[in-house]
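Q: Any chance you can model this:
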Amino acid sequence: MNSDGYGALIAVIGPVEPALLAAWTRHYRQLGIERFHVAFHFPEHVPDAWRHQLVAAGHELGVIPATVSTGPWHEHTNTELRDALREQAG
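A: The predicted model follows:
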């Protein structure tokens, strides 16, 4: 938990099924996480419909991505996205 008493989580999420995102969100909420700072990253081969479905599922769950990126998954992709989320979250 941070200084204001609320748990926060920073995560980079790939193209998962909406049901997995829902289970993941429930799990962390049960642990006391109240704020989610997430980025979704989709490799180029992921269809637009899947991207839109996952982003919409995130909104329904209250997990609104700060960033949605598309492109190859390089060894530095996670680090760059995570560091940007940390900066945004303060």
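
Q: E34 sits in which helix or strand?
A: E34 is part of strand 33-42, with elements assigned from DSSP states H and E.

Q: Adjacent strands (with direction) for that strand?
A: If you go by DSSP bridges, strand 33-42 pairs up with strand 7-13 (parallel), strand 67-70 (parallel).

Q: buried stuff in the helix or strand following that strand?
A: Remark: after strand 33-42, the chain's next helix or strand is helix 48-61, criterion DSSP H and E. Neighbour counts using 16 or more other CB atoms under 10 Å place L54, V55, A57, G58, L61 of helix 48-61 among the buried residues. All C-beta atoms are positioned from the backbone trio N, CA, C, and that covers glycine.

Q: And for L20, the neighbour number?
A: 12 (other CB atoms under 10 Å).

Q: same thing with the one 10 residues further on?
A: As a burial measure, Q30 scores 8 neighbours (other CB under 10 Å).

Q: ditto for R86
A: 11.

Q: Near the closest residue to it other than its chain neighbours, how many other residues are there?
A: Excluding its sequence neighbours, the residue lying closest to R86 (CB to CB, 6 or more residues apart in numbering) is I10, at 5.9 Å. Residues contacting I10 under the criterion other CB under 10 Å number 18.

Q: ok, now which ones touch I10?
A: By CB atoms under 8 Å, 6 or more residues apart in numbering, the contact list for I10 reads H37, V38, R82, L85, R86, A89.

Q: List only buried entries from these.
A: Buried subset of the contacts of I10 (neighbour count, 16+ other CB under 10 Å): H37, V38, L85.
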